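# structure for the following, please:
(one chain, ligands or ions: 1)
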Amino acid sequence: MSGIYIHIPFCKQACHYCDFHFSTNLKKKDEMVLALAKEIEMRSKNTSITHHPSSITEPIETIYFGGGTPSILEISDLKFLIDAVYKNFKVVENPEITVEANPDDLNFDFAQYDKEVDLSVRAESRTIFEELQTIGVNRLSIGIQSFFEDDLKLMNRAHNVEEAKKCLEIATQYFDNISIDLIYGVPQMSNEKWLQNIETALSFGVPHISSYALTVEPKTALHSFIQKGIIPQPNDEVAQEHFDILVDKLSENGFIHYELSNFGKENYFSKNNSSYWLGKKYIGIGPSAHSYDGKNRGWNVSNNSLYIKSIQENKLPIEIETLTKTDRYNEYIMTGLRTIWGVSLERIEKEFGKTYLDYLLMQSKKYFDQELLECVKLSEVETILKTTKKGKFLSDGIASDLFLLNK
Ligand code: SF4
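Presented below is the predicted three-dimensional model:
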């Protein structure tokens, strides 16, 4: 077992571009925390997706709080959930424990905060960062998105630029393992402005950056603003230019581009996310969370009330799909081409057979000719198929052209 993902389905306000599962109504927060802890216990005992005994006995290497906005929880809530993992699973020594956080949650008046918090859990003079460390959190993933006020307003983020900078200034004094998120391809963002964003991020010395192109998802506010002509449509060419600037600038600064949207200094790759990309097993806790046990994929209901009700009735609110050989091949191609580890041709032949390998190489031919894909021999016994620098931005499109259809 590689890790446990815990989805915290609450946010202060809805970012205009976001289609993740969350609610801005916090009324059920306490019930939700109890339900999450109960699901952790239920999944450790008897779960349809982790039926295999090995899934339960293999130690947990990473615990990841994602969302939504995990930093909306009290420290005592996070501690309660971490304790629930330790109580119910075997956990390695020094697991990676990540909390996704928004700057406005890490940036408040500490004196005021101290008054509000249960002092049995929290010593009076500690900062939020020390509190997080005390409960075992050793990695922060901070949703900065941009260092420009107009971008943050367009995205409807809950924080402003000053809060973003202040938060990073303080966070870096306590944590060395920090990732920040940045969004590129924002309408009307010039290359110069994007470069400035990256340079500002670098000035804080963080060792990991995740950066995604702004995408317009159906049913989001951004989609409706674009339909009404209030905001221009993001442009693919601009996004590609921003991506190229990002790759060059971060490479110059010692970052390794280890996944399409992720850049880390050596020893600072996200262990949690790397294990998804390397096809390891994981358990997803909470509404909308996904799980994978090597053969089956499961996903929890994306509705807070239904989730809580189901857990209270001792039923896991999960749907399960058993992956076919072709599904597993397609997933491996998709994730492999996005990463520095590529797609191992030997693994394709061993796990899926020669027909799959022949198909893959035949489909790849035109991309070899266009210098978008290449084969790299790692050793006498291992060759990988990977995207070239030019092909990286297009890796999802290329991967889908290498997919096989289920018969
Ligand atoms: S804070 Fe994150 S999860 Fe919440 S609405 Fe914004 S982008 Fe979505």
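# can you show me the strands along the stretch 151-300 of the chain?
Taking DSSP state E, counting those that start in this stretch, the strands of the stretch 151-300 of the chain run over residues 178-184, 208-213, 256-259, 262-264, 282-285, 290-292, 296-300.
# by proximity to the ligand, which residue of the stretch 251-400 of the chain wins?
Ser288 (10.8 Å; Cβ to the nearest ligand atom). Backbone N, C-alpha and C define where each C-beta goes, glycine included.
# point out where the protein drops to low pLDDT.
1, 46-57, 107-125, 407 (pLDDT under 70).
# residues of it that sit close to the ligand?
Cys11, Ala14, Cys15, Cys18, Phe20, Phe22, Gly67, Gly68, Thr69, Asn102, Gly143 (Cβ under 6 Å from any ligand atom).
# out of those, who's nearest Thr322?
Phe20 (25.8 Å; Cβ to Cβ).
# quick check: closest non-adjacent residue to the closest one.
What sits nearest to Phe20 in space, not counting adjacent residues and going by Cβ to Cβ, 6 or more residues apart in numbering, is Gly68, at 6.7 Å.
# tell me the centre residue of this protein?
The centroid of the chain falls nearest to Asn273 when counting by Cα atoms, centre = their mean (6.3 Å).
# any idea how far it is from Ile183?
Per Cβ to Cβ, to the nearest Å, Asn273 is found 17 Å from Ile183.
# could you do Lys271 as well?
Lys271 is 24 Å from Ile183, by Cβ to Cβ.
# and the two? which has more neighbours close in?
Taking neighbours as other Cβ atoms under 10 Å, Lys271 and Ile183 compare with Ile183 leading, 25 against 18.
# contacts only, for the more buried one.
Tyr17, Gln145, Ser146, Asp151, Met155, Ser211, Tyr212, Ala213, Leu214 (Cβ atoms under 8 Å, 6 or more residues apart in numbering).
# again with Lys165
Phe147, Thr200.
# mind running it again at 10 Å?
Residues near Lys165 by Cβ atoms under 10 Å, 6 or more residues apart in numbering: Pro103, Asn107, Ile144, Phe147, Thr200, Ser203, Phe204.
# and for Gly136?
Counting by Cβ under 10 Å, 6+ apart, Gly136 has contacts Ile63, Leu78, Lys79, Ile82, Asp83, Val85, Tyr86, Val91, Asn94, Pro95, Ile97.
# 6 Å instead, please
Ile82, Ile97 (Cβ atoms under 6 Å, 6 or more residues apart in numbering).
# that one: what secondary structure?
coil (DSSP: H, G, I helix; E, B strand; the rest coil).
# what about it, distance to Glu96?
Taken as Cβ to Cβ, the span from Gly136 to Glu96 is 10 Å.
# returning to that earlier point: mark which of the residues of the chain next to the ligand are buried, thanks.
Cys11, Cys15, Cys18, Phe20, Phe22, Gly67, Gly68, Thr69, Asn102, Gly143 (16 or more other Cβ atoms under 10 Å).
# could you dump those into TSV with secondary structure added?
Compiled in TSV, those are given as follows (three-state DSSP):
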residue	secondary structure
Cys11	coil
Cys15	coil
Cys18	coil
Phe20	coil
Phe22	coil
Gly67	strand
Gly68	coil
Thr69	coil
Asn102	coil
Gly143	strand
